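>>> prediction below, plus the sequence it came from.
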Amino acid sequence: MGFYSKSCPKAEKIVQDYVNQHIPNVPSLAATFIRMHFHDCFVRGCDASILLNTTSGEQTERQSPPNLSLRGFDFIDRVKSLVEAACPGVVSCADVLTLITRDSIVAMGGPSWKVPTGRRDGLISRSSEALNNIPPPFGNITTLRTMFANQGLDLTDLVLLSGNVYALPVPQLPL
């Protein structure tokens, strides 16, 4: 917590202010940022590698089929430019994405949580890794539970992040 307290003390406030000003106008972006952050964290950790456009000529995570419907990249770019104007070269894109995600949920009336900062940005982004690590939308429950467990997540996390209500155990009704 407070990684930027000396090097960029206004970083979190800059993100929060921008989110609070703009997310209420496009509330669906809050869910978009959860999905983007989730997809980023499942591939190489929460390093913002999902934001990279190209790395050494290979297709990136951003260009991978599970991520083609993601949006909000321009929003992240705008927030990052504001943070860069205040503190050039200090705050990572990984932290900006994480803070935007949290602050978007809060702006829409959801819960808040403390965000440890100090992540480093990834320099490698491969489409193939996204294909292999992001849970498939039509994966069976065994596959999905395994992929989430590999990330230290449980069934509740699976349901919340994937919106897959079929993953919940079905209660037996009395006959």
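Cool, the structure landed. Numbering: from 1, shown residues only.
>>> leaving out sequence neighbours, find the closest residue to the residue positioned nearest the centre of the chain.
When CA atoms, centre = their mean is applied to the chain, the residue found nearest the centroid is H37 (0.8 Å). Excluding the flanking residues, the one nearest H37 by CB to CB, 6 or more residues apart in numbering is T101, at 4.3 Å. Using the backbone N, CA and C atoms, a C-beta is placed for each residue, glycine as well.
>>> list the contacts of the helix or strand hosting that neighbour.
Element membership for T101 (DSSP states H and E) is helix 93-107. Outside helix 93-107, the residues within contact range by CB atoms under 8 Å, 6 or more residues apart in numbering are 3-4, 11-12, 15-16, 19-20, 23-24, 29-30, 33-34, 36-37, 40, 46-48, 50-51, 75-76, 79-80, 83, 111-113, 115, 117-122.
>>> quick one: the helices in this protein?
11-22, 28-42, 73-86, 93-107, 127-133, 141-149, 155-162 (DSSP state H).
>>> which among those helices is found nearest to Q59?
helix 127-133 (3.7 Å; CB to CB).
>>> list the buried residues of that closest one.
Using 16 or more other CB atoms under 10 Å as the test for burial, helix 127-133 gives S127, E129, A130, L131, N133.
>>> what comes into contact with stretch 11-31?
4, 71-72, 75, 78-79, 82-83, 86-87, 90-91, 95-96, 99-100, 103-105, 107-108, 110, 117.
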